[in-house]
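Asker: Quick one, what's the 3D model for this:
(2 chains)
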Amino acid sequence: MALRIYNSLTKTKEVFTPIIPGKVNMYVCGVTVYDRCHMGHARCAVVFDVIVKYLRHKGYDVTYVRNFTDIDDKIIKRANEEGENWQVIAERHIKGFHRDMDGLGVERATIEPRATDHIQDMINTIQKLIHKDHAYQADGDVFFAVNTFPGYGKLSGKKLEELEAGARVQVDTRKRNPLDFSLWKESKPGEPAWESPWGKGRPGWHIECSAMSSKYLGDTFDIHGGGQDLIFPHHENEIAQSEAATGKVLARYWIHNGFVYINKEKMSKSLGNIFTIQEALRIYHPEVIRLFLISHHYRGPLDFSDVIINETEAALERFYKTLKAIDDSLVGLKEELPLDRVELKGDEREIYEKLKELPVKFECAMDDDFNTALAIGHMFDAARALNRFMDLYPQKEDSIFLSILSYGKKQFGKLGHILGILVSEPAQYLEDQRARKLRLLNIDVSEIEAKIEERNLARREKDWARADKIRAELAKRGILLEDGPEKTTWRVV
RNA sequence: GGCGGCAUAGCCAAGUGGUAAGGCAGCGGUCUGCAAAACCGUUAUUCUCCGGUUCGAAUCCGGAUGCCGCCUCCA
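Answerer: Predicted coordinates for the structure are as follows:
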């Protein structure tokens, strides 16, 4: 089945055909490094991480470029506020970005170029635009002339006249059109500056992406992505600059992910409801955060709340419990049978077929504009079937039974890898979660174990009232006991 | 003011013409000393509302209402 992608440029789902068969060149706008990363950045990074992993799973050779904007007004402002060099600020937040993304299991991009390493490339692009009369100099500044690019507005669906009418920005009288934007900015004394044909200055915001994408991926590449808020003006301006300079189409497919909300409010600095990745990772397992981010379609809005993330936690735990149960059974596996060459009976056949079908259904969902929510639904389906199979199968030592479980485990591992979930050892995951929750609740393990010992004594004497009382006490503190056939285990709710 | 998006059970969520995936929570059952976990069964005759197209619509078209985003830095 063919992969179809919703293209923001045409506003339709299109069959994905790369320029070079088997090869995908993709550029995603990264972050401006002046502050800590929040859940919005996490969503963008995780969404494109899954897209890259899926494309690679489908056999594409993917070159993924994600930039760092390490020179910008906000960085300079932050440096002044904190009384530090702007480079120190940028460097610190690049490190922070990597720490956060590593924490979330987001793979590094193939190339992570920095704007300040490409000043000369940008100057070259700007000169090209001036020569072609798409840009003009005004004192030490250079502006892009939007009137010279007929396609201006094709991505955001805006018309020049309407934009002009609604322009709220204070108009710079040197601009030929109020919507003309800076390619190069003259620097004020004390500001970071580079030599250029127009004097000392620094690049405008949009030009770095045009210069760096063409340098690493060519004038035309396959996929360009980023957050929805970048559609206008950033991506619109990028298209204008690049296409005016080269006369070629910049990118063939545009992918934009939706926003993250916190309790139905858009996350924003002014509302003070920024939820940083560091905070999230302190409270939740990285895979819980990932599952939360991909349980919803990437284009829609995503509302974060305690209730919803706790539901996600329960859902992921369900997966891991199934996998743990498989692991526990698999201890007895002596030789794994080739299931496609073994005669399987009713239930065995049914579950085997279901497990075999799972990747097909998964890919079918992912091929439809990366429908991760549906893909995960199929995985839950299979997990339930596996649980049932384990519950009902009469001989738990049987090698057919165990071989089927092993096969199921492999299928889950394969698909989980694409999504970046279920990559921990089940026992380890469950233990990590318990430790994490105990840390948040501030409870001591030995105390719990002593209580359990005390209760088991009571149980042996069939003193149920006392046993129940101990259990209730622990339950009140968030510790839930589970009496198994061998021993009593506990978990944190 | 201009442009665009969304509206599916108690909650989250998939579903773009063929008769409502999945998760959480709830309820009944199996199991258990009782629980928990797991399993089985169950929970929307209906997809914000009103019209229209069609043999057939949550899905397409028109209108209404509500919520939201972009137009200014933002993933």
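Asker: helix or strand for A:Asp121, which one?
Answerer: helix A:119-131 (DSSP states H and E).
Asker: and that helix, which residues are buried?
Answerer: A:119, A:121-123, A:125-127, A:129-130 (16 or more other Cβ atoms under 10 Å). (C-beta placed from N, C-alpha, C; glycine too.)
Asker: got CSV for those residues, with pLDDT and distance to A:Lys154 too?
Answerer: Shown next, in CSV, are the buried residues of helix A:119-131 (pLDDT from 0 to 100; distance: Cβ to Cβ, whole Å):
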residue, pLDDT, distance to A:Lys154
A:Ile119, 97, 29
A:Asp121, 97, 25
A:Met122, 97, 23
A:Ile123, 97, 27
A:Thr125, 97, 20
A:Ile126, 97, 22
A:Gln127, 97, 25
A:Leu129, 97, 18
A:Ile130, 97, 23
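Asker: In JSON lines, list those along with distance to A:Ala373.
Answerer: Below are the buried residues of helix A:119-131 laid out as JSON lines (distance: Cβ to Cβ, whole Å):
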{"residue": "A:Ile119", "distance to A:Ala373": "42"}
{"residue": "A:Asp121", "distance to A:Ala373": "40"}
{"residue": "A:Met122", "distance to A:Ala373": "40"}
{"residue": "A:Ile123", "distance to A:Ala373": "45"}
{"residue": "A:Thr125", "distance to A:Ala373": "40"}
{"residue": "A:Ile126", "distance to A:Ala373": "43"}
{"residue": "A:Gln127", "distance to A:Ala373": "47"}
{"residue": "A:Leu129", "distance to A:Ala373": "42"}
{"residue": "A:Ile130", "distance to A:Ala373": "48"}
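Asker: Tell me the one of these nearest RNA strand B?
Answerer: Closest approach to RNA strand B among the buried residues of helix A:119-131 (Cβ to the nearest atom of the strand): A:Met122, at 15.8 Å.
Asker: CA atoms of the helix holding A:Asp121 as PDB?
Answerer: What follows is helix A:119-131, C-alpha atoms only, in PDB (Å, rounded to 0.1, in the frame of the first residue of the first chain):
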ATOM      1  CA  ILE A 119      26.500  33.100   7.400                       C
ATOM      2  CA  GLN A 120      28.300  33.000   4.100                       C
ATOM      3  CA  ASP A 121      25.700  30.700   2.600                       C
ATOM      4  CA  MET A 122      23.000  33.100   3.600                       C
ATOM      5  CA  ILE A 123      25.000  36.100   2.200                       C
ATOM      6  CA  ASN A 124      25.300  34.300  -1.100                       C
ATOM      7  CA  THR A 125      21.600  33.600  -1.200                       C
ATOM      8  CA  ILE A 126      20.800  37.200  -0.400                       C
ATOM      9  CA  GLN A 127      23.100  38.500  -3.100                       C
ATOM     10  CA  LYS A 128      21.400  36.200  -5.600                       C
ATOM     11  CA  LEU A 129      18.100  37.700  -4.600                       C
ATOM     12  CA  ILE A 130      19.400  41.200  -5.000                       C
ATOM     13  CA  HIS A 131      20.800  40.400  -8.500                       C
END
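Asker: Just the pLDDT for the nearest residue to A:Pro286 once chain neighbours are set aside.
Answerer: Using Cβ to Cβ, 6 or more residues apart in numbering and skipping the chain neighbours, the partner closest in space to A:Pro286 is A:Leu104 (5.1 Å). For A:Leu104, the model assigns a pLDDT of 96.
Asker: if I read this right, A:Leu104 contacts A:Leu281, doesn't it?
Answerer: Yes - assessed by Cβ atoms under 8 Å, A:Leu104 is found in contact with A:Leu281 at 7.4 Å.
Asker: which residues do those two both contact?
Answerer: Contact criterion Cβ atoms under 8 Å, 6 or more residues apart in numbering; residues shared by A:Leu104 and A:Leu281: A:Ile289.
Asker: Compare the two and say which one has the larger neighbour count.
Answerer: Neighbour count, other Cβ atoms under 10 Å: between A:Leu104 and A:Leu281, A:Leu104 has more, with 21 against 17.
Asker: Look up how far RNA strand B lies from the more buried one.
Answerer: Relative to RNA strand B, A:Leu104 is positioned 14 Å away (Cβ to the nearest atom of the strand, to the nearest Å).
Asker: OK, contacts around that residue?
Answerer: Counting by Cβ under 8 Å, 6+ apart, A:Leu104 makes contact with A:42, A:45-46, A:277, A:281, A:286, A:289-290, A:420.
Asker: cool, A:Ile130 as well?
Answerer: Residues near A:Ile130 by Cβ under 8 Å, 6+ apart: A:136-137, A:142.
Asker: ditto for A:Glu191
Answerer: Applying Cβ under 8 Å, 6+ apart to A:Glu191 gives the contacts A:76, A:202.
Asker: For it, give me phi and psi.
Answerer: Torsion angles at A:Glu191 (phi, psi; degrees, to the nearest 10) stand at phi -90, psi 160.
Asker: so what pLDDT did it get?
Answerer: pLDDT, A:Glu191: 91.
Asker: repeat for A:Val146
Answerer: Value listed for A:Val146 in the pLDDT field: 93.
Asker: I'd guessed it sits against A:Ala240; true?
Answerer: Yes - the criterion here is Cβ under 8 Å, and A:Val146 meets it with A:Ala240 at 6.5 Å.
Asker: what do the two both touch?
Answerer: The contact sets of A:Val146 and A:Ala240 overlap at A:Tyr152 (Cβ under 8 Å, 6+ apart).
Asker: Tell me which of these two has more neighbours.
Answerer: A direct count of neighbours by other Cβ under 10 Å for A:Val146 and A:Ala240 places A:Ala240 higher, at 29 against 23.
Asker: Check the gap between the closest residue to that one other than its chain neighbours and RNA strand B for me.
Answerer: Nearest-residue entry for A:Ala240: A:Phe149, 4.5 Å, with adjacent residues in sequence omitted and distances by Cβ to Cβ, 6+ apart. A:Phe149 sits at a distance of 17 Å from RNA strand B (criterion: Cβ to the nearest atom of the strand).
Asker: Give me the neighbour count for A:Phe149.
Answerer: Neighbour count of A:Phe149, defined by other Cβ under 10 Å: 20.
Asker: just checking: which of the buried residues of helix A:119-131 also lie near RNA strand B?
Answerer: By Cβ under 7 Å from any atom of the strand, no member of the buried residues of helix A:119-131 lies near RNA strand B.
Asker: Please identify the helix or strand for A:Tyr64.
Answerer: Taking DSSP H and E as the definition, A:Tyr64 sits inside strand A:61-69.
Asker: pull the CA atoms of that strand into PDB?
Answerer: Written as PDB, here are the backbone C-alpha positions of strand A:61-69 (Å, rounded to 0.1, in the frame of the first residue of the first chain):
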ATOM      1  CA  ASP A  61      17.100   6.100   3.000                       C
ATOM      2  CA  VAL A  62      16.200   9.200   5.000                       C
ATOM      3  CA  THR A  63      18.400  12.300   5.300                       C
ATOM      4  CA  TYR A  64      16.800  14.300   8.100                       C
ATOM      5  CA  VAL A  65      18.000  17.900   8.700                       C
ATOM      6  CA  ARG A  66      16.900  19.900  11.700                       C
ATOM      7  CA  ASN A  67      18.500  23.200  12.400                       C
ATOM      8  CA  PHE A  68      19.300  25.300  15.400                       C
ATOM      9  CA  THR A  69      18.500  29.000  15.200                       C
END
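Asker: that older thread, among the contacts of A:Ile130, which one lies nearest to A:Asp72?
Answerer: A:Val142 (16.8 Å; Cβ to Cβ).
Asker: for the closest one, helix, strand, or coil?
Answerer: Three-state assignment for A:Val142 (DSSP: H, G, I helix; E, B strand; the rest coil): strand.
Asker: what are the bridge partners for it, then?
Answerer: Beta-bridge pairing for A:Val142 (DSSP bridges): A:Gln137, A:Trp184.
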